[in-house]
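Undergrad: Following is a predicted model, sequence given first.
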Amino acid sequence: MLPTEKEFIEAAIKHKVLSFGSFTLKSGRQSPYFFNAGNFNTGESLATISKLYAKTILESGVEFDVIFGPAYKGIPLAASVSIALSQLQDSSASNSHDSSATKKNPYPFAFDRKEAKTHGEGGMIVGSSIENKRVLIIDDVITAGTAITNSFELIKNNGGIPVAVVVAIDRQEIASAELSNTSAIQQVYQKFGIPVYPIVKLDTIIEFLSSSDSEFNHFLPTIQEYRNKYAC
Ligand SMILES: O=P(O)(O)OC[C@H]1O[C@H](OP(=O)(O)OP(=O)(O)O)[C@H](O)[C@@H]1O
């Protein structure tokens, strides 16, 4: 398990973003764990989570010009990840004697409105221009893929080029048994041809619980059973 993954799971448990029990999902499935990114709602927790998104982005090696966060939960993520990337860049520049490391990326970001604004500057997109730019989409989760599909179309319609998606968690479960044997994340790749980078996968959470003395270890058999039942 990577240090980034371990730190993410510990922070998610601490802030009750990752909970264990019995939860009914939008799909109707009864899940033994639940992820609610809305509970990253303090400066401290947002600073932690955005730094981990930023590390995952840098480790992926994806090249992009603008970060895009889908409304609403993607908005604070896009803004805070942009700050975290700038801070990581500053600290690596100050630790380096390489003059190229001083060439700064301003990490611009943009986000959409849920309803188009008809006065003032108008339009659906707020923040940096995405025209002719490689766009990295940041969101908390992909469930059915609706938010990512909408973002993809909005970005293309505004002249941008979506290059990848970064999310907090890959549940690694089939999106719909009737339609296919693939997960929502795999479907994004099949549909749009762009990779999705999760900070953690369900397998990582299982590994974490197996190797720690977490108070939630007794949920392991149920989580494993769920993983096997909806495996893809
Ligand atoms: O893959 P999907 O089925 O689209 O589900 C995932 C999306 O759902 C949630 O947002 P939601 O659309 O509920 O809006 P919110 O961010 O305003 O809560 C979440 O933040 C993702 O964007």
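TA: Arrived safely.

Undergrad: what about His119, neighbour count?
TA: Residues near His119, counting by other CB atoms under 10 Å, number 5. Any C-beta I mention is one placed from the backbone N, CA and C, and that applies to glycine too.

Undergrad: a helix runs through it, doesn't it?
TA: No - looking at His119 with DSSP: H, G, I helix; E, B strand; the rest coil, it is coil, so not inside a helix.

Undergrad: how about it, phi and psi?
TA: phi -120, psi -180 (degrees, to the nearest 10).

Undergrad: what does Gly74 give?
TA: Torsion angles, degrees, to the nearest 10, at Gly74: phi -70, psi -20.

Undergrad: helix, strand or coil for Asp213?
TA: coil.

Undergrad: Buried by neighbour count: which residues of the strand or helix carrying Ser82 qualify?
TA: Using DSSP states H and E, Ser82 sits within helix 74-94. Across helix 74-94, burial judged by 16 or more other CB atoms under 10 Å covers 74-85, 88-89.

Undergrad: Quick one: those residues as JSON lines, columns for pLDDT and distance to Asp112 too.
TA: Converted to JSON lines, these look like this (pLDDT from 0 to 100; distance: CB to CB, whole Å):
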{"residue": "Gly74", "pLDDT": "95", "distance to Asp112": "8"}
{"residue": "Ile75", "pLDDT": "96", "distance to Asp112": "9"}
{"residue": "Pro76", "pLDDT": "95", "distance to Asp112": "14"}
{"residue": "Leu77", "pLDDT": "96", "distance to Asp112": "13"}
{"residue": "Ala78", "pLDDT": "97", "distance to Asp112": "10"}
{"residue": "Ala79", "pLDDT": "97", "distance to Asp112": "13"}
{"residue": "Ser80", "pLDDT": "97", "distance to Asp112": "17"}
{"residue": "Val81", "pLDDT": "97", "distance to Asp112": "16"}
{"residue": "Ser82", "pLDDT": "97", "distance to Asp112": "16"}
{"residue": "Ile83", "pLDDT": "97", "distance to Asp112": "20"}
{"residue": "Ala84", "pLDDT": "97", "distance to Asp112": "21"}
{"residue": "Leu85", "pLDDT": "97", "distance to Asp112": "20"}
{"residue": "Leu88", "pLDDT": "91", "distance to Asp112": "26"}
{"residue": "Gln89", "pLDDT": "88", "distance to Asp112": "26"}
